[in-house]
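In: I would like the atomic coordinates for the input below:
(2 chains)
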Protein chains: 2
Amino acid sequence: MQAITQNSFGGPDVLTLTEVPRPDPGPTEVLVRMRATSVNPVELFVRSGAFPMIGPPPFILGWDVSGVVEAVDPGVSRFAVGDEVYGMPYFPKAAGAYAEYVVAPSRQLAHKPAKLSHVEAAGLPLVGLTAWQALVDVAGVRAGQRVLIHGAGGGLGHVAVQVAKHLGAEVIGTASAGKHEFLRELGADQLIDYRETDFTEAVRDVDVVLEPIGGDYAVRSFSVLRPGGLLVTAVERTNTALPGLARQHGVRAAAVAVEPDHVGLEHLADLVDAGSLRVHVGATFPLAEAARAHEHVAAGGVQGKTVLTM
Amino acid sequence: MQAITQNSFGGPDVLTLTEVPRPDPGPTEVLVRMRATSVNPVELFVRSGAFPMIGPPPFILGWDVSGVVEAVDPGVSRFAVGDEVYGMPYFPKAAGAYAEYVVAPSRQLAHKPAKLSHVEAAGLPLVGLTAWQALVDVAGVRAGQRVLIHGAGGGLGHVAVQVAKHLGAEVIGTASAGKHEFLRELGADQLIDYRETDFTEAVRDVDVVLEPIGGDYAVRSFSVLRPGGLLVTAVERTNTALPGLARQHGVRAAAVAVEPDHVGLEHLADLVDAGSLRVHVGATFPLAEAARAHEHVAAGGVQGKTVLTM
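Out: Numbering: from 1, shown residues only, chains lettered A, B, ... in the order given. This is a model prediction of the structure:
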């Protein structure tokens, strides 16, 4: 099969289309004929070596899966050959989705939402599970709470806006002005153009902040939280000083590290098929152009998801 | 930390108590101070090389975990230091539970059932998830159905009897006579001493058979099923002729390959704490005597679970 491999850490140019053996499904596993995967910012850091969480090259990047079941291990009964599935296998210890075929344990996949194309479905698993685990499992967002989502127009952000609305929250987003109309259509109640306005002066009394940006966004967000409010960071996982700093401001801070979970995938698929969640794909590239897709994501300002097609 | 390692495939004597580095929790992971693990028959085959699913030695065997959270990765919010947890991490591609510490993704663990000691809880994950996935997910057992469980007095069997009773089934078990009283206490409705009676002559019109024994038990069980009934094998996963043979008999056959799943663990913990499920530990050995524990399991006839304590 063809896959994007890399033989060293480095820039996008290390990503190379290569002929590699097709994986075989082992016990509990499903072989998926990939139709699409997506590029998540974390993959840029794994590629470069800044976050070498799957060890040294060679390896195949990628965790988002959307495709068709080609074969199943005999002990698998959740899926049959021909089923359309999506999911996020083996995060974070292994990868492999920038490829024509991928294997995954059956409980790291779910049936693809019927309302999504493979291109759209490939954009959902990693960001959808992150949003669900951050807002539902970590923050326990309840109806009527005020939720601020930074980077609301991006891959994680635009899904998080919709999950927070589904939970009944009042949603405030930071995003560049060009994405405001898009975000209003998704249900955002208040939007802040971070280029024009300091969000710390435009919003207050927030119950939960979700920040997928890093840098000083986490600490600057403390002042917009109500006393006891919660900041959830999707990127500052290793900043162990954050909870202590939050306490000094009378608020709380937690990190979310996304995990594979068929239950979360099933919840997200239900939301999609109920019309409460859609996935915006801002750009697609053929698998062979994975390097260009990484450059596109690295340039920033992406609206929604960036998808690779097979 | 101390762990049982092996440097070659072989008999129980390859299992050696060794000083090895304590694992560090990576992203999504929890470090558990182990209190107990259990010996499952599959581990005897992995040890010997008959089923080399975690690759060649050296490795640390073991998947069942019961212990206390010692540390968590900063991105984990499901557990805090000091929580009592149980689970089955990284099955089947990695192992590591015959050790004083183990790391596991947070969603492959759940809170330990309050009513179980660590020794008892260590006996539940692999067999409990197998029983749940076989009877609920694969077979969809409903109230009033007749379920035959082979090897009902063993580790998997005695848990499966209780799960089937919880589902409202009429439960028939095969077991040696010495285990019948034990199984009646667990709710079994009819018991067959396989040493005295050919089960194919003693039972019929069964909706679901669960067989964790192998050999000819699967094929012989076809005749006790009602037309369209389902055999689920927990061991004959690679016998790909089974579904075709079943069709010739007018019945169905499926294999179950157990998978990590926090949702299954949470269901099982709820059953335990509601008084509907208990774990019988037939023998315990200190970790250093893992070889003796393997000999004990290999000898057969074990009632309930065999547990290693740390």
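In: that's a helix at A:Glu196, yeah?
Out: No - remark: A:Glu196 does not belong to a helix; assigned using DSSP: H, G, I helix; E, B strand; the rest coil, it is coil.
In: how about the closest residue to chain B within the stretch 1-150 of chain A: what's its closest non-neighbour residue?
Out: Nearest residue of the stretch 1-150 of chain A to chain B (Cβ to the nearest Cβ) works out as A:Gly75 at 2.5 Å. C-beta: built from backbone N, CA, C; applies to glycine. Excluding its sequence neighbours, the residue lying closest to A:Gly75 (Cβ to Cβ, 6 or more residues apart in numbering or on different chains) is B:Ala257, at 2.5 Å.
In: list the contacts of A:Tyr98.
Out: The contact partners of A:Tyr98, by Cβ atoms under 8 Å, 6 or more residues apart in numbering or on different chains, come to A:Ala3, A:Ile4, A:Leu15, A:Thr37, A:Ile60, A:Leu61, A:Gly62, A:Leu287, A:Ala290, A:Leu308.
In: repeat the analysis, applying 10 Å as the threshold.
Out: Residues in contact with A:Tyr98, defined by Cβ atoms under 10 Å, 6 or more residues apart in numbering or on different chains, are A:2-6, A:15, A:17, A:34, A:37, A:39, A:43, A:59-64, A:287, A:290, A:293, A:308, A:310.
In: so which helix or strand takes in A:Val163?
Out: Using DSSP states H and E, A:Val163 sits in helix A:155-166.
In: what packs against that helix?
Out: In terms of contacts (3 or more Cβ pairs under 10 Å, 6 or more residues apart in numbering or on different chains; DSSP states H and E), helix A:155-166 is packed against helix A:125-132, strand A:146-149, strand A:170-174, helix A:180-185, strand A:206-211, helix A:262-273, strand A:281-286, strand A:305-309.
In: tell me the angle of the longest one relative to helix B:262-273?
Out: Spelled out, it's helix A:262-273. Angle of helix A:262-273 versus helix B:262-273, following axes from the mean of the first three to the mean of the last three Cα atoms, to 10 degrees, is 120 degrees.
In: mind checking if helix A:262-273 is in reach of chain B?
Out: Yes - contact of helix A:262-273 with chain B (Cβ under 10 Å from any Cβ of the partner chain) involves A:His262, A:Val263, A:Gly264, A:Glu266.
In: what about burial for these, which qualify?
Out: A:His262, A:Gly264 (16 or more other Cβ atoms under 10 Å in any protein chain shown).
In: do I have it right that A:Ala274 meets A:Ala114?
Out: No - A:Ala274 is not in contact with A:Ala114 according to Cβ atoms under 10 Å; the separation is 11.1 Å.
In: the contacts of A:Tyr98, buried ones only, as a ChimeraX selection?
Out: Typed into ChimeraX, the line below selects the buried ones among those, using 16+ other Cβ under 10 Å:
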select /A:3,4,5,6,15,34,37,39,43,59,60,61,62,63,64,287,290,293,308,310
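In: out of the contacts of A:Tyr98, name the ones that lie in helices.
Out: Using DSSP state H, the members of the contacts of A:Tyr98 that fall in helices are A:Glu43, A:Ala290, A:Ala293.
In: and the gap between the second one and chain B?
Out: Here the distance between A:Ala290 and chain B works out to 23 Å (Cβ to the nearest Cβ, to the nearest Å).
In: so that residue makes contact with A:Arg47?
Out: Yes - the pair A:Ala290 / A:Arg47 is scored as a contact, 9.4 Å apart, by Cβ under 10 Å.
In: any shared contact partners between those two?
Out: A:Ile4, A:Gln6, A:Pro12, A:Leu15, A:Val39, A:Leu61.
In: among those residues, which pair sits farthest apart?
Out: Maximum pairwise distance in those, criterion Cβ to Cβ, is 13.9 Å, between A:Gln6 and A:Val39.
In: between these two, which contacts overlap?
Out: Joint contacts of A:Gln6 and A:Val39 (Cβ under 10 Å, 6+ apart) are A:Arg47, A:Leu61, A:Tyr98, A:Ala290.
In: what about the first one, which SS state?
Out: In the three-state summary, A:Arg47 is assigned as helix, counting by three-state DSSP.
In: got a list of what it touches?
Out: Listed by Cβ under 10 Å, 6+ apart, the contact partners of A:Arg47 are A:4, A:6, A:9-12, A:14-15, A:39, A:57, A:59, A:61, A:290-291, A:294.
In: how much space is there between it and A:Phe91?
Out: 15 Å (Cβ to Cβ, to the nearest Å).
In: with the last one instead?
Out: Plainly put, A:Ala290 is 18 Å away from A:Phe91 if you go by Cβ to Cβ.
In: same thing with the third one?
Out: Distance check for A:Tyr98 against A:Phe91: by Cβ to Cβ, it reads 14 Å.
In: what sits in contact with each of the two?
Out: Joint contacts of A:Tyr98 and A:Phe91 (Cβ under 10 Å, 6+ apart) are A:Trp63, A:Asp64.
In: need the residues of the stretch 151-300 of chain A near chain B, please.
Out: Checking the stretch 151-300 of chain A against chain B by Cβ under 10 Å from any Cβ, the hits are A:232-240, A:242-243, A:254-264, A:266.
In: selection in PyMOL covering whichever of those are buried, please.
Out: Buried residues among those (16+ other Cβ under 10 Å), as a PyMOL selection:
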select buried, chain A and resi 232+233+234+235+236+237+239+242+254+255+256+257+258+259+260+261+262+264
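In: the residues of the stretch 151-300 of chain A next to chain B in helices, which ones?
Out: A:Leu242, A:Pro243, A:His262, A:Val263, A:Gly264, A:Glu266.
In: give me the mean pLDDT for stretch A:221-236.
Out: Averaged across stretch A:221-236, the pLDDT comes to 97.
In: and it, how far out from the chain's middle?
Out: Centroid separation between stretch A:221-236 and its chain, computed with Cα atoms, centre = their mean, to the nearest Å, is 20 Å.
In: for it, measure first residue to last.
Out: One end of stretch A:221-236 to the other measures 13 Å (Cα to Cα, to the nearest Å).
In: ok, now stretch A:166-178?
Out: 24 Å.
In: now do the buried residues in that stretch.
Out: Quick answer for stretch A:166-178 (16+ other Cβ under 10 Å): A:His166, A:Leu167, A:Ala169, A:Glu170, A:Val171, A:Ile172, A:Gly173, A:Thr174, A:Ala175, A:Ser176.
In: quick check: the residue nearest to A:Gly75 touching B:Asp137?
Out: No - the criterion here is Cβ under 10 Å, and B:Ala257 misses it with B:Asp137 at 11.4 Å.
In: the longest strand belonging to chain A versus helix A:125-132: what angle between them?
Out: Using DSSP state E to define each element, chain A has its longest strand at strand A:29-39. Here strand A:29-39 runs at an angle of 80 degrees relative to helix A:125-132 (the same axes, to 10 degrees).
In: per-residue confidence averaged over strand A:29-39?
Out: 98.
In: so who does the closest residue to A:Ser221 other than its chain neighbours touch?
Out: Nearest non-adjacent residue to A:Ser221, counting by Cβ to Cβ, 6+ apart: A:Val209, 4.5 Å away. Contact analysis of A:Val209 by Cβ under 10 Å, 6+ apart lists A:139, A:146-150, A:172, A:174, A:199, A:203, A:217-218, A:220-222, A:224-225, A:229-233, A:251, A:253.
In: mind listing which of those residues are in strands?
Out: Filtering these for strands - DSSP E - leaves A:146-149, A:172, A:174, A:225, A:229-233, A:253.
In: alright, that wraps it up for me.
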